[in-house]
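Student: here is my input, please return the structure:
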Amino acid sequence: MSRRFTVELELPDDLASVLRNEDVVGKAKEAFVMELLREHRVSQGKAAEILGIPRHDLFPLMGKYQVAVVDLSPDELQDELRKPFPQQGN
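Tutor: Sure, this is the predicted structure:
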């Protein structure tokens, strides 16, 4: 189930005229979802789903919005680095 929200933006005329051929709604949605991702309010998979893109296409967007692809605390990173790598082909 999903809910629809309507957001209204007021922009100066000079900016609106520059943006006339761009997808302002799409850009606003993209920026909002990236902020939710930054705040850990949605997962990467959910962010990709909301934006209607494959998860691997999310990573360049995350870079564009400076959202960390791997976002671990120093302790979590140390724990991950201590784990043994799985053996393949044995």
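Student: got the contact list for the residue positioned nearest the centre of the chain?
Tutor: Centre of the chain computed as the mean C-alpha position; nearest residue by Cα atoms, centre = their mean is M34, 3.4 Å away. Residues near M34 by Cβ atoms under 8 Å, 6 or more residues apart in numbering: A47, L61, M62, Y65, V67. The way it works is simple: take the backbone N, C-alpha and C, and place the C-beta from them, glycine included.
Student: using CSV, list the CA coordinates for the helix or strand where A16 lies.
Tutor: Using DSSP states H and E, the element containing A16 is helix 13-18. Only the C-alpha atoms of helix 13-18 are listed here, as CSV (Å, rounded to 0.1, in the frame of the first residue of the first chain):
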residue,chain,number,x,y,z
ASP,A,13,10.6,33.2,-12.1
ASP,A,14,14.1,33.3,-13.4
LEU,A,15,14.8,29.8,-11.9
ALA,A,16,11.5,28.4,-13.0
SER,A,17,12.2,29.5,-16.6
VAL,A,18,15.6,27.7,-16.5
